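>>> My questions are about this predicted structure, shown below with the sequence.
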Amino acid sequence: MWIGIDDTDSPAGMCTTYIGAVLVRRLKERGIPIIGARLVRLNPNVIHKTRGNAAVCIEAEGDAEAVFALACACVEELAEFDAPETNPGVVVAAVRPPPDFYYAVLRDFCTVDEAVDVLESIGARYRGYKNRRGLIGATAAVASVFFDRTFELLAYRKREAWGTPRQVDRASLFLADETTYPRTWDTVDRKNDAVVCVPHTPDPVLFGIRGESPAAVREARSYVRSEEPACEQVYTTNQGTDAHLLPGAIGELREGRSYLVRGAVAGLPATGPGGHVSFLLEDGGVEVRCMAYEPTRGFRDVVRALVPGDRVAVAGSYKGGSLNLEKLGVSHLAALVRIRPPVCPACARRMTSAGTAKGYKCRVCGGRSREPDVERWERRIRPGWYEVPPVARRHLSRPLVRGVPAWEEDLLQSGRP
Ligand code: ATP
């Protein structure tokens with residue numbers, strides 16, 4: 001059976017992945033075999049999310065009625081029921097719903113009624129609390145299929161430590177990263193000299209190590225020195241896979257979805273208030289504004305190096321009429337040239353135009369030339385892919401160290417002149 005849980009936390013505390021980890025332990029204590037535990041990230045643009053729009057799915061074997069009772073008891077004991085935005089959902093399904101619902105919740109928006117229709121169609125046990133919104137994420141988690149997957153080892157704090165400063169040795173995190181990168185990533189951000197894997201929110205998470213395999217995240221974890229965790233759970237996840245991205249066309253983008261879009265840079269990038277950098281991207285006569293926000297730090301220098309005529313593909317969420325960049329591919333760089341009248345070899349003064357198609361003339365000595373000065377400027381970027389730094393990465397965004405999927409590379413190259 002598949003157990004789905006969502007919407008149990010609030011900005012003041014708790015985390016659905018923690019409830020998942022507790023439930024895994026309680027199921028094991030009762031002799032119920034656990035087949036897998038998945039951390040499922042859903043549409044990052046949903047307004048009701050607390051933080052990263054995560055839901056969990058636990059795959060287990062045994063008596064579905066008993067498991068449902070246990071899962072509901074866990075949520076009733078631990079969820080932040082007093083918070084108005086916390087509306088938990090619990091699902092136990094013996095039949096897996098079609099993956100379409102997962103894709104819809106990952107890439108689009110769904111309603112509680114749609115989730116309930118799916119649950120009724122497969123005869124699932126389910127309970128939605130308060131306004132029942134958590135049933136959307138819980139159903140999507142149960143329906144999820146991962147064509148690509150990564151792993152995250154989450155360490156959780158003892159209850160008495162919740163809300164207090166986390167004790168995690170910074171140097172040990174840099175060592176863990178140094179020893180296991182690129183099999184693990186986003187533990188730290190070396191360029192920005194920052195720790196990424198330790199949250200600052202008052203939830204039970206102590207740290208989370210992301211990587212390519214359970215062995216890699218466990219190895220990295222073995223280097224970490226910290227306060228003693230209450231428990232640890234390795235989840236299979238859709239994080240770092242670009243599962244949220246759809247191939248998109250400028251002019252057909254819909255609010256709140258995430259896309260990979262190709263086009264030509266249509267105007268020089270401009271730095272606006274707050275250090276946000278934006279430029280216009282054009283394809284087929286239609287334009288869209290692309291934004292690299294201040295937290296993307298050095299990535300903005302890549303964006304500032306673009307010039308009109310560059311052919312690129314950009315990945316990001318379409319919000320408020322702009323694409324908020326997560327990643328940028330460059331397939332073709334426009335030649336950056338300055339064409340000026342030549343300098344007169346006799347008197348070393350710059351010539352002027354002698355009229356249309358008549359070349360150039362020196363105003364001082366009357367000397368003539370047909371050829372202009374062509375100055376080629378070195379471009380500050382090369383064709384290839386660029387990404388926001390780990391400190392600014394979205395959970396679902398695929399780090400370049402994992403490679404670029406073939407469909408993304410094909411979309412980028414299809415935009416070459
Ligand atoms: P948590 O750590 O508890 O999972 P979170 O940041 O993941 O926190 P939630 O508290 O789960 O956020 O809130 C997200 C809410 O939005 C949930 O009720 C979920 O069912 C709902 N939701 C998620 N994706 C969609 C979607 N695509 N369309 C509509 N509702 C969604």
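Received the coordinates, thanks.
>>> May I ask which helix or strand encompasses residue 65?
helix 64-78 (DSSP states H and E).
>>> Can you name every helix or strand that the helix or strand just after that helix contacts?
As assigned by DSSP H and E, the chain's next helix or strand after helix 64-78 is strand 89-93. Contacts defined by 3 or more Cβ pairs under 8 Å, 6 or more residues apart in numbering; DSSP states H and E place strand 89-93 against strand 2-6, helix 64-78, helix 112-121, strand 125-128, helix 134-143. No exception for glycine: its C-beta is placed from N, CA and C like everyone else's.
>>> how far does the second one sit from the chain's center?
If you compare the mean C-alpha spot of helix 64-78 with that of the full chain, they lie 31 Å apart, counting by Cα atoms, centre = their mean, to the nearest Å.
>>> Just the CA atoms of it, as PDB, please.
Only the C-alpha atoms of helix 64-78 are listed here, as PDB (Å, rounded to 0.1, in the frame of the first residue of the first chain):
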ATOM      1  CA  ALA A  64      -4.400  -1.200   5.400                       C
ATOM      2  CA  GLU A  65      -7.000  -0.400   8.100                       C
ATOM      3  CA  ALA A  66      -4.400  -0.500  10.900                       C
ATOM      4  CA  VAL A  67      -1.900   1.500   8.900                       C
ATOM      5  CA  PHE A  68      -4.500   4.200   8.100                       C
ATOM      6  CA  ALA A  69      -5.300   4.400  11.800                       C
ATOM      7  CA  LEU A  70      -1.600   4.700  12.700                       C
ATOM      8  CA  ALA A  71      -1.000   7.400  10.000                       C
ATOM      9  CA  CYS A  72      -4.000   9.500  11.100                       C
ATOM     10  CA  ALA A  73      -2.900   9.100  14.800                       C
ATOM     11  CA  CYS A  74       0.600  10.300  13.900                       C
ATOM     12  CA  VAL A  75      -0.800  13.400  12.000                       C
ATOM     13  CA  GLU A  76      -3.300  14.200  14.800                       C
ATOM     14  CA  GLU A  77      -0.500  14.000  17.400                       C
ATOM     15  CA  LEU A  78       2.100  16.000  15.500                       C
END
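>>> Please identify the buried residues of it?
Buried positions in helix 64-78, judged by neighbour count with 16 or more other Cβ atoms under 10 Å: 64, 67-68, 70-72, 74-75, 78.
>>> Then the first one?
Of the residues in strand 2-6, those with enough neighbours to count as buried (16+ other Cβ under 10 Å) are 2-6.
>>> Adjacent strands (with direction) for it?
Neighbouring strands of strand 2-6 in its sheet, by DSSP bridges, are strand 54-60 (antiparallel), strand 89-93 (antiparallel).
>>> For the ligand, what's its nearest residue on the stretch 201-350 of the chain.
The ligand sits closest to residue 203 of the stretch 201-350 of the chain, with a gap of 7.5 Å, by Cβ to the nearest ligand atom.
>>> residues in contact with that residue?
9, 13-15, 18, 162 (Cβ atoms under 8 Å, 6 or more residues apart in numbering).
>>> change it to 10 Å
The neighbourhood of residue 203, defined by Cβ atoms under 10 Å, 6 or more residues apart in numbering, consists of 9-18, 50-51, 80, 156-157, 162-163.
>>> still on that earlier bit, for the helices and strands packed on strand 89-93, give me JSON lines that also has mean pLDDT.
What follows is the helices and strands packed on strand 89-93, written out as JSON lines (pLDDT from 0 to 100):
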{"stretch": "strand 2-6", "mean pLDDT": "98"}
{"stretch": "helix 64-78", "mean pLDDT": "97"}
{"stretch": "helix 112-121", "mean pLDDT": "98"}
{"stretch": "strand 125-128", "mean pLDDT": "98"}
{"stretch": "helix 134-143", "mean pLDDT": "98"}
